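Asks: just need the structure, nothing else, for what follows:
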Amino acid sequence: METMDAIYGRRSARKYLPDPVPPQKIKILVEAGCRAASALNVQDVSFAVVTDRDKISEYGERGKKRTLEERRAAGRMNPAVERILTSERSVIFHRAPALIFLFTSPECYSPVEDASLVAGNIMTAAEDMGLGTCWIGLAQGLNSDKEFRRDLGIPDDRTLRATITVGYPEIRETVPKEKRPPVIHGWI
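Replies: Below you'll find the predicted structure:
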């Protein structure tokens, strides 16, 4: 697949086939993430991978609960987000067969940007490999979940920056969703 085809063809997948993603493919995705640019070339994004379906379900429920608590406590609750986080039917990881968590350390000069570039590489590479992905922002509450961190061996100084679901999409969207044209404020 050509790079531009992967960029223009990528869609967020929210329904996955139950087929597991081979570990070698996940390793390729993580390596693609490591090829992303990083501020001051620090290259300090680390990963945790979960393919155990019971753990994926467990982390999804705990992530919903913690994210809900944290957003309410901070007074940052959006009604649509609250409906998702309080619904028993809501499955934030979309029953994906694999999750890739991205973490940064205090050494990262631009941690959000670095992790975002890594996530973008992973998602584009997944499209190229016929896999679907979705960045799950509603899992951020897991950052403060000590049991989650202990299960995966995450050092205390690492901050969860992105959670990406990975799997074979049940439906592969071929028609691009309408995108707004770019807004270019200047061009000298």
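
Asks: quick check, central residue of this protein?
Replies: By Cα atoms, centre = their mean, the chain has its centre lying nearest to residue 164, at 2.2 Å.

Asks: low-confidence ranges in the chain?
Replies: 1, 174-177 (pLDDT under 70).

Asks: the strands in it, which residues?
Replies: Using DSSP state E, the strands of the chain run over 45-50, 98-104, 132-135, 159-167.

Asks: which among these is found nearest to residue 179?
Replies: strand 132-135 (16.9 Å; Cβ to Cβ). Using the backbone N, CA and C atoms, a C-beta is placed for each residue, glycine as well.

Asks: any idea how far the closest one is from the chain center?
Replies: Computed by Cα atoms, centre = their mean, to the nearest Å, the chain-centroid distance of strand 132-135 equals 6 Å.

Asks: returning to what we had before: how about the residue nearest to the centre of the chain, nearest residue that isn't a chain neighbour?
Replies: In space, and not counting its chain neighbours, residue 164 is closest to residue 100: 4.7 Å by Cβ to Cβ, 6 or more residues apart in numbering.

Asks: quick one, what contacts residue 71?
Replies: Residues near residue 71 by Cβ atoms under 8 Å, 6 or more residues apart in numbering: 77, 81-82, 85.

Asks: out of those, who has the most neighbours?
Replies: residue 85 (22 neighbours; other Cβ atoms under 10 Å).

Asks: with adjacent residues omitted, what lies nearest to that one?
Replies: Going by Cβ to Cβ, 6+ apart, residue 85 has residue 68 as its nearest residue, at 4.1 Å.

Asks: contacting residues around that neighbour?
Replies: Neighbours of residue 68 in contact, by Cβ under 8 Å, 6+ apart: 82, 85-86, 141.

Asks: for stretch 4-17, C-alpha coordinates in PDB please.
Replies: C-alpha atoms of stretch 4-17 as PDB (Å, rounded to 0.1, in the frame of the first residue of the first chain):
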ATOM      1  CA  MET A   4      -1.000   8.300   1.000                       C
ATOM      2  CA  ASP A   5      -3.500   5.400   0.500                       C
ATOM      3  CA  ALA A   6      -2.900   4.400   4.100                       C
ATOM      4  CA  ILE A   7      -3.300   8.000   5.300                       C
ATOM      5  CA  TYR A   8      -6.400   8.700   3.200                       C
ATOM      6  CA  GLY A   9      -7.900   5.300   3.800                       C
ATOM      7  CA  ARG A  10      -7.500   5.000   7.600                       C
ATOM      8  CA  ARG A  11     -10.800   5.000   9.600                       C
ATOM      9  CA  SER A  12     -11.300   4.400  13.300                       C
ATOM     10  CA  ALA A  13     -12.600   0.800  13.800                       C
ATOM     11  CA  ARG A  14     -15.200   0.300  16.500                       C
ATOM     12  CA  LYS A  15     -16.300  -3.200  15.600                       C
ATOM     13  CA  TYR A  16     -13.700  -6.000  15.400                       C
ATOM     14  CA  LEU A  17     -13.600  -9.600  14.400                       C
END
